[in-house]
Each structure stands twice: as structure tokens, then as C-alpha cells.
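1. What follows is a predicted structure for the sequence shown.
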Amino acid sequence: MSSSQNRPAIVWFRDDLRMADHPALHEAAASGRPLICVYILDDETPALHPPGAASRWWLHGALAELRGHLEAQGGTLLTLSGSAEKLLPQLAEQTEAASVHLHHRLHERERTQDDRIRQALGRQGGEVRAHWGTVLLDPDAVRTKQGGFYKVCGSFWKALQTHAVPEPLEVPVSLTFHAVPKTILSGARLNEKDLCPQTPDWAEGFRKTWEPGEAEGQEHLEDFLKDAVAGYPRGRDRVAEEGTSRLSPYLASGAVSPRQVWAALQKHGAHTDGPRIFLSELGWREFARYTLYHLPNLPFENLSPKFSAMHWRKSASDLKAWQRGQTGVPIVDAGMRQLWQTGWMHNRARMIVGSFLTKHLLIDWKAGEAWFRDTLVDADFANNAMNWQWVAGTGIEATPFFRIFNPTRQAEKFDPDGDYIRQWVPELGRLSGKALFEPWAAGEEELRKGGVILGRTYPRPVVDLKEGRDRALQAFRSL
Ligand SMILES: Cc1cc2nc3c(=O)[nH]c(=O)nc-3n(C[C@H](O)[C@H](O)[C@H](O)COP(=O)(O)OP(=O)(O)OC[C@H]3O[C@@H](n4cnc5c(N)ncnc54)[C@H](O)[C@@H]3O)c2cc1C
């Protein structure tokens, strides 16, 4: 048995893959114990929704970057694959660790798993120490006057801002590490190469678009504050422009913390329109986590119960056309192809494709949520579910179901020059004006000049927009 101060402290990295503003790492370092840093990919507990394919690609880069930072300080990152509930207590037992430091997770299934790990560690004479590190504030801290929780984002955000958000922490100055022998859990080591696609290698567009990791995340934040935040109120809706921060995969993987973004915005001056509106989007992220914490059914059931009687259509071919960006509706196809090729889609496009799926095609939002969870590099259990319920009108605070986006009007308004459609649907690139937004309504001559043959070079629409809209309204009325 090692002497009690030499017993190591484990830092369990999860959706917080960074060195700075990491309360768990900070506390473990301050304990003076040698550290073991570990990440566990848990595919054996499906109830916890393991990362999808695009998030795994991201994870590969994020783990490598984090390991680089730890190695620069003389340590490393141990990566394991398997049931966290089994592996973590085993790691603690075999290394005689005194403590495990981690950040709270939000969903009740995750919290229950953490409780079981806490008990297992306790039986072995160790302890689990948890902090809030992936949100601005403890979700129990923001309460209504009656002691309940908020169900409307605006009121929640107003209430949250009356609390003090903790200042982000620096990277701990001095870290010492405990060497984990190769023999320990040798059969459970993660083969990190398996996180990336092999054949076919569909990640080329991802590599061109993204560089995962903490350093790049901080750069994104700085560049956005310097170049784009002032124009955010307009830029955030222009689908062809880089008017948003593209911080979402960094926030989702925890390469950047919400408190770092909050603090940077306060320094920048959060009172003007751009920073204030941008911060309110961070408020939506916080509200999604808060809702997941208080309403664990968020990813699984319609929060508005009347939708349990909704007759969603089950059309595998329509769903496939939507997933592949082959619906014949250019703005929808542009969004879905941007997602497929880069693992990311502009927020306005997400709203348009979400409305099209759940209303014009009348397909259950859960099919869209699952597709996004697999294909987004920023896939986030809380944000994804809350936004799908918002778009579908089934959430607690949602756009009403009967408010149905007309994709053509949306394209005319938010992609007025058609640049977004031309970039992602190049076979329509020689069309202009209305024909680009609605090729099915264009004259034969116009299509011929643009090199478009409907049904051959580009699909006819899977649904007539008016008929789809009427069908959705009819289904809604019959609830
Ligand atoms: C159907 C649908 C599904 C979505 N799924 C996800 C998801 O899985 N993961 C995800 O991070 N976001 C999701 N969003 C929200 C939003 O589209 C993305 O956060 C945003 O497009 C990311 O780009 P950005 O970082 O440039 O955003 P910015 O406009 O620069 O916003 C900054 C940050 O605020 C947060 N944010 C912005 N908008 C929202 C929002 N509506 N809800 C919650 N947080 C928000 C994000 O963390 C984002 O990175 C979804 C939206 C819709 C309509």
C-alpha cells in the first residue's frame, strides 16, 4: 500500500476536454497528489447515448490535443473503452487512488451512474468529488419564487443573470503525475484510431473545416469577438455568411467552457446589441441543460402531452431523401448537404430543415434528432433534443405547430443571393432568381439554360409545399 499522500487522484475527463477552467483538474492538482487523467468511451451503457459517428471523429482530435497538453507537463491521458461503472472503480482499486475528481453531468441516468460509482469508490475507501464545470451555474441554484424551475427561457435567463457566475480558472501551474503501468486494464485500452472512419473515409470535408481542441476553440472565440460579434444580430441569420461563432463543437466537447465565453463577453462589453444577443444564445444552451436536468424525458417524449396522439407519417423514402439532401427543395437540400459534408449546419438552416421534416413531411422529430445526433460534430444531448422539440412545436416553450416555415420564403429572406444554395447544391448553380429557390416552378427554357433536368439532374420535390402544409395542419387539428 502506498503512503496516504502518495495515493493518486484520478481526474475523469468526460465532456470537458480542456486544461483551463477545469474545476475538477484544479482541485485534484491542489490536493498535491500525483494525477491520473482518464477518458472512458462507454459504449456498453446504451441508455447514456454514446457519441455518434461525427462526434467520434471530433473526439479523436480532441483527445489527441488534450494528451498533448498533458504530455507537455510530464503526464499523459489514459483512454479506455467499456463500462465506466466497472472500469473506473477497477482503475481506482488497481492504482490505490484516493479520489476521483469530475464534473457533474445533467441527465438523471448519468447522475444515477455517478452515484453508483461514488458508492463503489466509497466501499474501496476512496471518494468522488464533483463540481459544476460544463454549465454557468448549478441548475438547482436558479429557482422561481415558488421554489420550482423555470419553463420559459427568457425568465430563466433573466433570473440566472442575477446570480454571480464564477470566474473561469487558469490552468493549474504545477501538475505531478502518477505513471500507470501498461499492465493495468490492458484489455480495456481504447483503440483511438477506431474513432475515425476507415473505408469509406467520409471525413475529408470535416478535416478541411475543423480543427478540434482547446487552443483552436480559444482562437475561434477571440476571432469572433474581434471580427463578427458586432454584426451578430444580422449575421446570425445569413446562412451563407460566417456571421456566427462556430463555437458549438468546442462547447459540446468542453474544449471551451461556457464560463470562459461568459467572462470574455463581459470583458468585451456585454451591453451592446451584438454581445448581448450572442450571450442570450449561450442562455439557450444553459436553458437546454437546465431543462434536461429538471425534465429528463426531454430527449425521449413530447413535452407537450397532446402530441402523444399525433399521427406522424412513417415514410422511409421521404426520410432518406431528407437525410441525403435530395428532397427537391433547394434550401433544405443545401442545409442537409452542409451537415453531411462538414458535420455542422447553420442554425437558420437547422430550423428550416427541422420544420420541413416535422411539418411538410410530417415525420416524428425523434427521427431528425437521431440523425443530427449521429452526423453533427456539435451533437449535444440537451441542445439537440430541446431544439427539435422547439421546431416541432412539441416542447414546453416551442414555436406553435401551426407556424410552418415556407422554405422558399426562408431562402429568399436568409439566402437572398442564393450563395448558400449554389455552394451546397452545385447542380443548380446556373439558375438564378426565383428558379434557384423553386426550380419546380421555373419554365422549361429557364431550366434548360441552367442545365437542369428535373427528375434527372435534380429531384422533383418529394412533397408539394402547399399539400404538405395542409396535411400537417389537418393532422394538428385532429389532435
Ligand atoms: C433542430 C436543431 C438541432 C440543434 N442541435 C444542436 C446540437 O446538437 N448541438 C448544439 O450545440 N446546438 C444545436 N442546435 C442549436 C444551434 O443551431 C447551434 O448551437 C448553432 O448553430 C451552433 O453554431 P454557432 O456555434 O456558430 O452558434 P452561435 O450563434 O455562435 O451561438 C453560440 C453558442 O450558443 C449556443 N447556441 C446557439 N443557438 C442555440 C440554440 N438554439 N439552442 C441551444 N444553444 C444554442 C451554442 O452552444 C453555440 O455554440 C440545434 C438547433 C436546431 C434548430
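-> Sure thing, it's come through.
2. Enumerate every residue touching the closest residue to residue 242 other than its chain neighbours.
-> In space, and not counting its chain neighbours, residue 242 is closest to residue 228: 7.0 Å by C-beta to C-beta, 6 or more residues apart in numbering. (Each C-beta comes from the backbone N, C-alpha and C, glycine too.) Neighbour list for residue 228: 235, 242, 243, 244, 245 [criterion: C-beta atoms under 8 Å, 6 or more residues apart in numbering].
3. does the second one count as helix, strand or coil?
-> By that I understand residue 242. coil (DSSP: H, G, I helix; E, B strand; the rest coil).
4. neighbours of it, just the number please.
-> 13 (other C-beta atoms under 10 Å).
5. got it, and the first one?
-> The local packing of residue 235 (other C-beta under 10 Å) involves 15 other residues.
6. sorry, back to before: let me know the distance separating the residue nearest to residue 242 from residue 21.
-> Remark: distance between residue 228 and residue 21 (C-beta to C-beta, to the nearest Å) = 23 Å.
7. and the helix or strand of the chain with the lowest mean pLDDT, how far from the chain's centre?
-> Here the helix or strand of the chain ranked lowest by mean pLDDT, DSSP states H and E is helix 232-235, holding a mean of 93. From the chain centre to the centre of helix 232-235 is a distance of 21 Å (C-alpha atoms, centre = their mean, to the nearest Å).
8. Same check on stretch 64-75?
-> That offset, for stretch 64-75, works out to 25 Å (C-alpha atoms, centre = their mean).
9. and what of stretch 179-198?
-> Here stretch 179-198 is found 25 Å from its chain centre; the criterion is C-alpha atoms, centre = their mean.
10. Can I get it as PDB, trimmed to CA atoms?
-> Only the C-alpha atoms of stretch 179-198 are listed here, as PDB (Å, rounded to 0.1, in the frame of the first residue of the first chain):
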ATOM      1  CA  ALA A 179       2.600   6.600 -14.000                       C
ATOM      2  CA  VAL A 180       0.000   3.900 -14.800                       C
ATOM      3  CA  PRO A 181       1.700   0.600 -15.700                       C
ATOM      4  CA  LYS A 182       0.800  -0.800 -19.100                       C
ATOM      5  CA  THR A 183      -0.500  -4.000 -17.500                       C
ATOM      6  CA  ILE A 184      -3.300  -2.100 -15.700                       C
ATOM      7  CA  LEU A 185      -6.600  -2.500 -17.600                       C
ATOM      8  CA  SER A 186      -4.500  -3.500 -20.700                       C
ATOM      9  CA  GLY A 187      -7.500  -5.300 -22.200                       C
ATOM     10  CA  ALA A 188      -9.700  -2.100 -21.900                       C
ATOM     11  CA  ARG A 189      -7.400   0.400 -23.700                       C
ATOM     12  CA  LEU A 190      -9.300   2.400 -26.300                       C
ATOM     13  CA  ASN A 191      -8.100   2.000 -29.900                       C
ATOM     14  CA  GLU A 192      -8.400   5.700 -30.800                       C
ATOM     15  CA  LYS A 193      -7.900   5.000 -34.500                       C
ATOM     16  CA  ASP A 194     -11.300   3.300 -34.500                       C
ATOM     17  CA  LEU A 195     -12.900   6.700 -33.700                       C
ATOM     18  CA  CYS A 196     -12.200   7.800 -37.300                       C
ATOM     19  CA  PRO A 197     -13.900   6.400 -40.400                       C
ATOM     20  CA  GLN A 198     -11.700   4.000 -42.400                       C
END
